[in-house]
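Colleague: Have a look at this prediction, sequence included:
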Amino acid sequence: MNVTESNPTTGIFSGSEIAELCDSIKDIHRLLTSVGAFIVELNGAEAPGGNGLQIDFKKWGVRTIAEDLLARQYEKIDRMVAIYREEQEKMKIG
């Protein structure tokens, strides 16, 4: 049974858009889990007497990459929300 058979009001999104939205949410979860684990590992690796410059640079790099990847995923989700709202408005008017 596909999504449109189980819910007759569904039809707002095509199958690929639903899959893309789910993938975006899963990507965000994986990204946050991975980045969190990496930062915990970096914090544990920092020498108490060291200057921590190399670790600070790595943290900056991880944060920069994570912010970029999250922004891309949020854009996908925002696009899906916009499509949904447009379709809801069409259904109200029609």
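Modeller: All right, it came through fine. This one's a predicted model, so the numbers in the text were calculated from it and none came from an experiment.
Colleague: Now do the same for T9: its pLDDT.
Modeller: pLDDT for T9: 47.
Colleague: Over to G15?
Modeller: So G15 comes in at 67 (pLDDT).
Colleague: Where do the helices of this structure begin and end?
Modeller: 3-6, 15-45, 53-93 (DSSP state H).
Colleague: got TSV for these, with mean neighbour count too?
Modeller: To be clear about C-beta, it is placed using only N, CA and C from the backbone, and glycine gets the same treatment. TSV is the format used below for the helices of the chain (neighbours: other Cβ atoms under 10 Å):
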stretch	mean neighbour count
helix 3-6	11
helix 15-45	13
helix 53-93	12
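Colleague: Mean pLDDT lowest where, among those helices?
Modeller: helix 3-6 has the lowest average pLDDT among the helices of the chain, namely a mean of 44.
Colleague: list the contacts for the residue nearest in space to the middle of the chain?
Modeller: Nearest to the mean C-alpha position of the chain, counting by Cα atoms, centre = their mean, stands I28 at 3.0 Å. By Cβ atoms under 8 Å, 6 or more residues apart in numbering, the contact list for I28 reads 70, 73-74.
Colleague: Distance of it relative to L69?
Modeller: 8 Å (Cβ to Cβ, to the nearest Å).
Colleague: and for the two, which residues touch both?
Modeller: Contacts common to I28 and L69, judged by Cβ under 8 Å, 6+ apart, are absent.
Colleague: Tell me who's in contact with I39.
Modeller: Contacts of I39 by Cβ under 8 Å, 6+ apart are 59, 62.
Colleague: How much space separates it from I93?
Modeller: According to Cβ to Cβ, I39 and I93 sit 48 Å apart.
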